[in-house]
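> Return a 3D structure for these sequence lines:
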Amino acid sequence: TSRGVAHQYLRDSSAALRDFHVALQVDPNYSLALYNASIIYLSQGQHKQALEFLDRAVESSSAPDDFMLTNRAVAKATLGKFDEALSDVSQALSVSKRATYALHNRALMYTLLKRWEDALADTTAFLDVQPLDADMYQRRAYVLRELGRTREAMEDNIRAVTITTGAW
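Numbering: from 1, shown residues only. All right, here's what the predicted structure looks like:
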């Protein structure tokens, strides 16, 4: 698996996948190999294959971490399984309360589902942890606009531009 990870960093996905599959021949339930292969499948747009590997990784892991659960949520969301995705990303947040990757993705899912108050809560929680994320300020501005809070939306848009231009 270590060599597979090295291939991932070198952006050689086919060699990385080969190494992860070799590791899985030795131990079909090796959650780290399953997880790392799933990341490659996600990056290649093979969401169904990624979800299959992520399901196996979560099942094989004694304690799935927030990244494993959040990436499984992303795979489920891309396949239109939003309720299951929200369950996974919420479980990821129960594993780690400050899991910004999970907050980021759950905020996006809530936004796509037009659950504005939930999206606002998660974008705000994310910005409490990472206050210099221009993209999240833009997302929160969009949510605030949808809630009719245009003055606050404008303030967040200004923050996003200020961060992006380095004037922060």
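
> And the helices in this protein?
Taking DSSP state H, the helices of the chain run over residues 2-9, 13-26, 31-43, 47-60, 66-78, 82-95, 100-112, 116-129, 134-146, 150-165.

> so of those, which one's packed in deepest?
helix 66-78 (a mean of 23; mean count of other Cβ atoms under 10 Å). From N, CA and C alone the C-beta is placed, and that goes for glycine too.

> Just give me the neighbour total for residue 113.
Neighbours of residue 113 under the rule other Cβ atoms under 10 Å: 15.

> Contact partners for it?
If a contact means Cβ atoms under 8 Å, 6 or more residues apart in numbering, then residue 113 has residue 82 as its contacts.

> Need phi/psi at it.
Here the main-chain torsion angles of residue 113 (degrees, to the nearest 10) amount to phi -90, psi 0.

> Just put the helices of the chain in TSV and tack on mean pLDDT.
Converted to TSV, the helices of the chain look like this (pLDDT from 0 to 100):
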stretch	mean pLDDT
helix 2-9	80
helix 13-26	92
helix 31-43	93
helix 47-60	95
helix 66-78	94
helix 82-95	93
helix 100-112	93
helix 116-129	96
helix 134-146	97
helix 150-165	95
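
> For residue 145, see how far away residue 123 is.
When distance is defined by Cβ to Cβ, to the nearest Å, residue 123 is 12 Å away from residue 145.

> Also residue 155?
Shown here: residue 155 relative to residue 145, a distance of 12 Å by Cβ to Cβ.

> With residue 62 instead?
When Cβ to Cβ is the yardstick, residue 62 and residue 145 sit 44 Å from each other.

> And residue 43, by the same measure?
On the measure of Cβ to Cβ, residue 43 and residue 145 end up 32 Å apart.

> contacting residues around the nearest residue to residue 91 once chain neighbours are set aside?
Spatial nearest neighbour of residue 91, excluding adjacent residues (Cβ to Cβ, 6 or more residues apart in numbering): residue 69 at 5.3 Å. Under the criterion of Cβ under 8 Å, 6+ apart, the neighbours of residue 69 are 58, 88-89, 91-92, 95, 102.

> Output stretch 52-60 as PDB, restricted to C-alpha atoms.
Once non-C-alpha atoms are left out, stretch 52-60 reads as follows in PDB (Å, rounded to 0.1, in the frame of the first residue of the first chain):
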ATOM      1  CA  GLU A  52     -18.300  -0.100  -3.700                       C
ATOM      2  CA  PHE A  53     -14.700   0.200  -2.300                       C
ATOM      3  CA  LEU A  54     -15.700   2.800   0.300                       C
ATOM      4  CA  ASP A  55     -18.500   0.600   1.500                       C
ATOM      5  CA  ARG A  56     -16.100  -2.300   1.900                       C
ATOM      6  CA  ALA A  57     -13.500   0.000   3.600                       C
ATOM      7  CA  VAL A  58     -16.000   1.300   6.200                       C
ATOM      8  CA  GLU A  59     -17.200  -2.300   6.900                       C
ATOM      9  CA  SER A  60     -13.600  -3.500   7.200                       C
END
